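S.K.: Sharing a model that was predicted from the sequence below.
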Amino acid sequence: EVQLVESGGGLVQAGGSLRLSCAASGITFDDYTIGWFRQAPGKEREGVACISVSEGSTYYADSVKGRYTISLDAAKNTVYLEMNSLKPEDTAVYYCAADSFPGYGSAWLALNYLEGWGQGTLVTVSS
């Protein structure tokens, strides 16, 4: 069973930075793609970034490209999301998700079903 635990959310001023962590267990880490999603109040869920653990290949949504960086520490079974130059519109609950469906990119972020989801961590960016 996939278990994911996010941490690192909080309140930050516009222009600031935060790093989110997603610790995975119950899976063979190398077999998975891990993604970060966010959902703001009243808005649909948005996939922001994903990483193929075995390949290290990454993909970013246009809304975060150049500001966010997804990375991983295989020894810790952990994926990170470094968020810089944060904007008020980045305010959302951020979730990580994992699936063994191969690949990465916009198609992976658009999958209707992913094997496991974390509980979410709130990021609030003040203006």
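M.R.: In hand now; what should we look at?

S.K.: Next, residue 65: phi, psi?
M.R.: The phi/psi pair for residue 65 (degrees, to the nearest 10) reads phi -60, psi 130.

S.K.: same check, this time on the one 4 residues further on
M.R.: Backbone geometry at residue 69, expressed as degrees, to the nearest 10, gives phi -130, psi 130.

S.K.: Show me what it is bridged to.
M.R.: residue 82 (DSSP bridges).

S.K.: Please look at it and residue 81 and confirm they touch.
M.R.: Yes - counting by C-beta atoms under 8 Å, residue 69 touches residue 81, with 7.5 Å between them. Just so you know, the C-beta spots here come from the backbone N, C-alpha and C atoms, and that holds for glycine as well.

S.K.: between the two, who's got more neighbours?
M.R.: Between residue 69 and residue 81, counting by other C-beta atoms under 10 Å, residue 81 is the more crowded of the two (27 against 15).

S.K.: Quick one: the helices in this structure, in order.
M.R.: For the chain, the helices defined by DSSP state H occupy 106-109.

S.K.: tell me which helix or strand of it sits lowest on mean pLDDT?
M.R.: helix 106-109 (a mean of 92; mean pLDDT, DSSP states H and E).

S.K.: Packing partners of that helix?
M.R.: Using 3 or more C-beta pairs under 8 Å, 6 or more residues apart in numbering; DSSP states H and E, the elements in contact with helix 106-109 are strand 33-39, strand 46-52, strand 58-60.

S.K.: let's see it at 7 Å
M.R.: Counting contacts by 3 or more C-beta pairs under 7 Å, 6 or more residues apart in numbering; DSSP states H and E, helix 106-109 packs against strand 33-39, strand 46-52.
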